[in-house]
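A.B. asks: whatever this is, show me its structure:
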Amino acid sequence: MTTTENHPDAFVCAEGGLPGPRASYAGGAPVEIITARSVPLGGPRSIDVRRTLPQKQRSLIGAWCFVDHFGPHDTAATGGMDVAPHPHTGLQTVTWLFDGVIAHHDSGGNAAIVVPGQMNLMTAGAGICHSETSTPEAERLHGVQLWVALPDEVRHSPDRGFERHTPERVEFASGSALVFLGSLLGSRSPVRTYTPLVGAELRLDPGGVLELPVDPRFEHGLLVDTGEDVTLESVHVPRDAMGYTGVGVRTLRVANDGDRPARLVLLGGTPFGEEVLMWWNFLGRSTEEIRRYREEWQNHGERFGRVEGYVGHGGPGRNREGMTRIPAPDLPTVRMRPRRNPPPHPQLDGRTAPRE
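C.D. replies: Residues are numbered from 1 along each chain as shown. So this is what the prediction gives:
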């Protein structure tokens, strides 16, 4: 996944004091609601994605630093996904589909067909580039694409990793879960992470309630994909929004009070203790690093390598706008300023909300 904004914001993700005045209480742990903003992905016939992270309100949940939620899209109407080769540094990308098929190619020599229920994780390390294209048989596209920030000790690795995992469904009284990263409900993903993380798709039957045991060291975000009457700790979480709970919680109560099934994505992890500067598709630690990454990408530097096998909607090696790769936007003319992440607890009016 790339961000194609012409003037992308810079985010410095760290512990800090930015208020998040959206916490609510309904008898359980406080819940902070993070709403999504719409971002176009692609050219003239772009598809819209709903982005919940990063926001001014909160930039990180654990090491999860980017959450894009898209679809369901009719590919005949939108043209589908056609993201030409683009770079990444200092992060991992995680693709999880509900519907559709995406062809992935990267400069580590990895090629994959991404299908629903199979997690695909790409590790950028010091630098990678990749392409993502919906395939002709994909009539609909629906899913999430996520980024994970890499800690300093591994972010300079030259390895360009790629892993896939198809989790087994875990059944519980009111629904089921697919745990694609970390451990939850007795299911453990074998995929390695560099900080403690969890990622899972949850399905709740109409009227279903899940008392979910979680790691109290983790902060969590619950994204609502489908379901109009979902509550987290008895707080309503709107569709396309994310309910955030901080560290110190041992059980999360998730309920579907509606008359239709609900599908949710739970993300969590231990608070990320490093300051991370995010601009466009790059994660670094300073303006100077980001500037260097941009220059190397624009100059076809070896840091990122080259994608072989990309077939865009404009033919072999080209997207429908005729581009063979996505150029980087112009850097801001001023030094990028920090945007700090609040402490790992829900915020209300600039104060940390009381915990149970």
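A.B. asks: and the helix or strand residue 145 falls within, what does it pack against?
C.D. replies: Per DSSP states H and E: residue 145 is located in strand 140-149. Packed against strand 140-149 by the contact rule (3 or more CB pairs under 8 Å, 6 or more residues apart in numbering; DSSP states H and E) you find strand 64-74, helix 75-78, strand 91-99. In short, each C-beta sits where N, CA and C put it, glycine included.
A.B. asks: contacting residues around the helix ranked longest in the chain?
C.D. replies: For the chain, the helix with the greatest residue count under DSSP state H is helix 287-298. Helix 287-298 is contacted from outside by 10, 87, 89, 127, 129, 277, 279-280, 282, 284, 301, 303-304, 327-328, 331, 335-336, using CB atoms under 8 Å, 6 or more residues apart in numbering.
A.B. asks: quick one on the thing from earlier: with just CA atoms, put the helix or strand just after the strand holding residue 145 into CSV.
C.D. replies: Next along the chain after strand 140-149, taking DSSP H and E as the criterion, comes strand 161-165. Taking Å, rounded to 0.1, in the frame of the first residue of the first chain, the C-alpha atoms of strand 161-165 are listed here in CSV:
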residue,chain,number,x,y,z
GLY,A,161,11.4,-10.4,3.8
PHE,A,162,8.1,-11.8,2.8
GLU,A,163,5.9,-14.2,4.8
ARG,A,164,2.4,-15.6,4.3
HIS,A,165,0.1,-17.2,6.9
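A.B. asks: which positions in strand 161-165 come out as buried?
C.D. replies: By neighbour count with 16 or more other CB atoms under 10 Å, strand 161-165 contains the buried residues 161-163.
A.B. asks: just the buried ones from the contacts of helix 287-298?
C.D. replies: Applying 16+ other CB under 10 Å to the contacts of helix 287-298 flags 10, 87, 89, 127, 129, 277, 279-280, 282, 284, 303-304, 328, 331, 336 as buried.
A.B. asks: nearest to residue 54, of these?
C.D. replies: Nearest to residue 54 among the buried ones among the contacts of helix 287-298, counting by CB to CB, is residue 10 at 9.9 Å.
A.B. asks: using a markdown table, lay out the helices and strands packed on strand 140-149 together with distance to residue 250, mean pLDDT and mean neighbour count.
C.D. replies: As requested, the helices and strands packed on strand 140-149 are arranged in a markdown table below (distance: least, CB to CB, whole Å; pLDDT from 0 to 100; neighbours: other CB atoms under 10 Å):
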| stretch | distance to residue 250 | mean pLDDT | mean neighbour count |
| --- | --- | --- | --- |
| strand 64-74 | 20 | 95 | 22 |
| helix 75-78 | 43 | 86 | 14 |
| strand 91-99 | 26 | 98 | 22 |
